[in-house]
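Undergrad: quick one: sequence plus predicted model below, questions after.
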Amino acid sequence: MAGKSAKTASKLLLALLIVAVIAAAVWYLMPNGDELPEHIASGNGRIEATEVDIATRIPGRLESFEVREGDMVEAGQLLAVMDTDELKARAAAAEANLHQAEQARLLAEAVVVQRESEQRYARAELARIETLVDRGHASREQLDRTRTAAETAGAALQAARVQVASADAGIESARAAIRQIQTNIDDSQLSTPVGGRVLYRLAEPGEVLAGGGKVATVLDVTDVYMTFFLPERLAGRVAMGSDARIIIDAAPEYVIPATISYVASVAQFTPKSVETEQEREKMMFRIRARIDPALLEEHIEQVKTGLPGVAWLKLDADADWPAELEVNVGH
């Protein structure tokens with residue numbers, strides 16, 4: 001039993017020694033805030049990225065998924081397809097309505113031609129009767145009947161022209177219906193507006209979704225940043241667009257260049273990610289340091305979110321970075 005206890009104690013001592021060595025290495029590689037110049041400030045945060053939810057605009061059944069979680073996708077790439085059988089049937093009905101409206105217009109045009117001919121005859125007849133009346137060869141009653149016939153022919157022509165305009169409206173209405181249905185069919189092809197990584201699949205083929213139902217979330221790995229907090233006395237000295245540095249806990253040997261892209265205009269209480277009670281009692285300003293998209297493109301396969309780390313920034317734009325915060329990104 002004594003031998004086993006000695007072995008257990010030895011293993012425990014070895015494990016503690018390994019942890020101590022790792023902690024010492026991380027401490028050595030990380031910049032020491034107490035030893036940095038006064039123009040350098042820092043804050044704890046986590047790597048984040050813009051998340052884009054892909055949703056269906058119209059209700060329907062999800063027919064297929066073209067990607068899996070973790071796949072890299074390009075902007076405009078097809079992610080999923082909604083069922084379009086009903087839409088295609090409605091499109092066929094709309095095409096039939098369009099054909100019917102076009103035929104109605106042809107008929108209305110033919111009626112216009114007929115009514116124009118009738119009006120010309122009625123006007124010619126009216127002119128002849130008027131001449132005969134002047135010469136005493138026709139009665140006033142015949143003149144009245146002929147004038148009424150001419151006016152009736154004119155009204156019939158006007159009505160025929162209205163029918164043509166109505167047929168034109170029917171054609172435009174049918175075309176608009178076809179465009180709307182085609183838009184819905186096009187929107188059933190769910191593509192991503194941004195390139196990145198498929199973070200989640202939120203629905204599976206066969207599920208019926210309401211309008212606005214989400215099917216996937218894409219992580220834009222070219223818009224990666226760290227959000228951290230600084231007290232009021234420091235936040236007021238932070239300039240938009242100024243240089244920053246990010247060091248993540250998982251790879252403390254790399255110093256990643258970044259740019260300050262956001263400084264909150266209103267103070268807020270510090271979030272729980274700030275560990276000390278003294279810091280949490282202060283009013284803090286939220287700040288965002290964005291990593292250069294060109295650098296992200298070079299390391300796109302290694303981009304991950306949720307990693308904790310520290311953001312460092314200069315409060316004096318003219319000052320130099322300390323040697324331990326010079327950019328050092330592996331290729």
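TA: Received it, and whenever you're ready, just let me know what you need. Residues are numbered from 1 along each chain as shown.
Undergrad: what helices or strands is the longest helix anywhere in the chain leaning on?
TA: Determined from DSSP state H, the single longest helix within the chain is helix 85-135. Contact partners of helix 85-135 among helices and strands, from 3 or more CB pairs under 8 Å, 6 or more residues apart in numbering; DSSP states H and E: helix 140-187. (C-beta placed from N, C-alpha, C; glycine too.)
Undergrad: just the angle between the helix it packs on and helix 85-135, please?
TA: Angle of helix 140-187 versus helix 85-135, following axes from the mean of the first three to the mean of the last three CA atoms, to 10 degrees, is 160 degrees.
Undergrad: for the longest helix of the chain, give the mean pLDDT please.
TA: In this model, helix 85-135 carries a mean pLDDT of 91.
Undergrad: got it, and stretch 176-194?
TA: 94.
Undergrad: is it true that Y262 lies in a strand?
TA: Yes. Counting by DSSP: H, G, I helix; E, B strand; the rest coil, Y262 is part of a strand.
Undergrad: give me the nearest residue to it, chain neighbours excluded.
TA: R288 (3.8 Å; CB to CB, 6 or more residues apart in numbering).
Undergrad: how about I54?
TA: Nearest non-adjacent residue to I54, counting by CB to CB, 6+ apart: A216, 4.6 Å away.
Undergrad: report how many residues lie close to E204.
TA: 10 (other CB atoms under 10 Å).
Undergrad: ok, now which ones touch it?
TA: By CB atoms under 8 Å, 6 or more residues apart in numbering, the contact list for E204 reads 62, 65.
Undergrad: and it, what are its phi and psi?
TA: phi -130, psi 150 (degrees, to the nearest 10).
Undergrad: okay, it: pLDDT?
TA: Here, the pLDDT recorded for E204 equals 93.
Undergrad: what is the rounded mean pLDDT of the helix or strand harbouring the residue nearest to Y262?
TA: Element membership for R288 (DSSP states H and E) is strand 283-291. For strand 283-291, the mean pLDDT works out to 89.
Undergrad: quick one: buried residues of it?
TA: Within strand 283-291, the residues that count as buried by 16 or more other CB atoms under 10 Å are 284-291.
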